[in-house]
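**Student:** Sequence unavailable; structure follows:
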Ligand SMILES: Nc1ncnc2c1ncn2[C@@H]1O[C@H](COP(=O)(O)OP(=O)(O)O)[C@@H](O)[C@H]1O
Ligand SMILES: O=C(CO)[C@@H](O)[C@H](O)COP(=O)(O)O
């Protein structure tokens, strides 16, 4: 049996799946947690990756591996391959002012035209501009800029600081892929080229950037640990996590995907690059050679985590409580901007619970308001994706919180597009495994994806109507 591995180095954890190349069946898995916070030492991802791989039985008998990862994180390296400072993650909002500065200098329309993106604090270019202004000594030392999956792929291929890696700090060996390059703010999905002037405008000087690999293109071979057999592992190009999920799901025309993890995202695979001057839709590239217009929110699964703590229940009970309340939660509305928000661009916002009366303030209504508020923000995202000319006929919902039956049922009340729940699985890691297979064989595999639920459409306009009113009052 030939085995291929996929890795998802996501915000909260690192997940590994090992699949049978012929059938796509998952034969082994592993997982390890990441530290909390929006600023993380990349070494923690490397440690988690090695733990998760060990839990999955290692790479000794694996022919190829590829790494999907959280997008946009700023990994800055000096000329010796040392990480200069902790990585700022996609959900770190300190670079909101830098985003505004870049828009003022270049104009939103020009940036959307050149990169597919209008800067918000999530994107790498804004983090580099923040570094230039807030930590000029660190900025001056930057010899190369990478993203989380780029850096991990480099480490897995045996590169890194001298003394900590077999091949040493060869910065020119850094690689990335189209999907992750498209989240930097200095790469053009339309031309497939870096925009060096924008990099220099952000960081203050030029730097080595990872070579952008195409779908199915190998990054090289792996050299994890001392094992000689591991040297034979082929490394796929890797991907941003949302593009990895699209690949793992086999999402195609007529599909939109909603992912409810730390971030909430709505995206679709399409043959035309998106350009949204309002900045709501990011015009990313995907991992199959197409494009991936995407809307992201900062507040998704952790909104529900917060309400489990407030109500003193687990996720199952939170869901039961929510389903015991009526649609609209008796008028209680959560606008869930706990971490600030990215879409809409309100980096300093906080969450608001509106519409409470003595009668509506029940545990059931609070649980439902949490789920409704989180989903309404994503429904606004779906509207923005549709405004780019896409017409999805079904909505595939994945990510940690998609496993909650109340999230599934309430999604069918919030979204006007029919909802489909694929079987619970780590789709980013599964997509990365598909990349590994593609790099190994030269062909994209066609592995099946099972559906476990298709909740009957039960659209309840009241939910979004009252959310719209509450959200417009706080923005
Ligand atoms: N049954 C559930 N109901 C609601 N949320 C859940 C459930 N199971 C897991 N989660 C939440 O999903 C999140 C993890 O999802 P995941 O997609 O792995 O996130 P990420 O990729 O951002 O690390 C956690 O916040 C976790 O508490
Ligand atoms: O910023 C984005 C997409 O633009 C996020 O989707 C990150 O890529 C993190 O994803 P998760 O770890 O929440 O899956």
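**Tutor:** On my side now, so go ahead. Bear in mind that the values here come from a model prediction, so they are computed numbers and not experimental data. Numbering: from 1, shown residues only. Ligands and ions are numbered 1, 2, ... in the order given.

**Student:** May I ask you to confirm that residue 456 is in contact with residue 412?
**Tutor:** Yes - contact criterion C-beta atoms under 8 Å: residue 456 and residue 412 qualify, at 6.5 Å. Heads up, the C-betas are built off the backbone N, CA and C, glycines and all.

**Student:** Show me which of the two is the more surrounded one.
**Tutor:** Taking other C-beta atoms under 10 Å, residue 456 and residue 412 do not tie; residue 412 has more neighbours (21 against 8).

**Student:** For that one, give me its contacts.
**Tutor:** Residue 412 is in contact with 418-419, 455-459, counting by C-beta atoms under 8 Å, 6 or more residues apart in numbering.

**Student:** Please list all residues in contact with the residue of the stretch 51-200 of the chain found nearest ligand 1.
**Tutor:** Closest residue of the stretch 51-200 of the chain to ligand 1, C-beta to the nearest ligand atom: residue 70 (7.1 Å). By C-beta under 8 Å, 6+ apart, the residues touching residue 70 are 9-11, 89-90, 148, 240-241.

**Student:** Now flag whichever of the residues you listed is closest to residue 464.
**Tutor:** Among those, residue 90 lies closest to residue 464 (C-beta to C-beta), at 26.3 Å.

**Student:** Ignoring the adjacent residues along the chain, who's closest to that closest one?
**Tutor:** Of all residues not flanking residue 90 in the chain, residue 72 sits nearest, at 4.1 Å (C-beta to C-beta, 6 or more residues apart in numbering).

**Student:** count of neighbours near the one you found?
**Tutor:** For residue 72, using other C-beta under 10 Å, the count is 28.

**Student:** Go ahead and confirm it touches residue 183.
**Tutor:** Yes - assessed by C-beta under 8 Å, residue 72 is found in contact with residue 183 at 4.9 Å.

**Student:** Could you check how far the closest residue to residue 354 other than its chain neighbours is from ligand 1?
**Tutor:** Spatial nearest neighbour of residue 354, excluding adjacent residues (C-beta to C-beta, 6+ apart): residue 470 at 4.3 Å. Going from residue 470 to ligand 1 by C-beta to the nearest ligand atom, to the nearest Å gives 22 Å.

**Student:** Provide the secondary structure category for residue 470.
**Tutor:** helix (DSSP: H, G, I helix; E, B strand; the rest coil).

**Student:** check contacts around it.
**Tutor:** By C-beta under 8 Å, 6+ apart, residue 470 lies in contact with 333, 335, 352, 354-355.

**Student:** Try it again at 6 Å.
**Tutor:** Going by C-beta atoms under 6 Å, 6 or more residues apart in numbering, residue 470 touches 333, 335, 354.

**Student:** Report the beta-bridge partners for the first one.
**Tutor:** When bridges are called by DSSP bridges, residue 333 pairs up with residue 354.

**Student:** Is it in contact with residue 352, as I believe?
**Tutor:** No - contact criterion C-beta atoms under 6 Å: residue 333 and residue 352 do not qualify, at 8.2 Å.

**Student:** Which of the two has more residues huddled nearby?
**Tutor:** Using other C-beta under 10 Å as the criterion, residue 333 and residue 352 rank with residue 333 on top: 25 against 16.

**Student:** Near ligand 1, which residues of the chain are found?
**Tutor:** 10-13, 261-262, 301-302, 304-305, 315, 399-401, 403-404 (C-beta under 6 Å from any ligand atom).

**Student:** Strands - which of these land there?
**Tutor:** residue 13 (DSSP state E).

**Student:** Close to ligand 2 as well: tell me which of the residues of the chain next to ligand 1 qualify.
**Tutor:** 10-11, 261-262.
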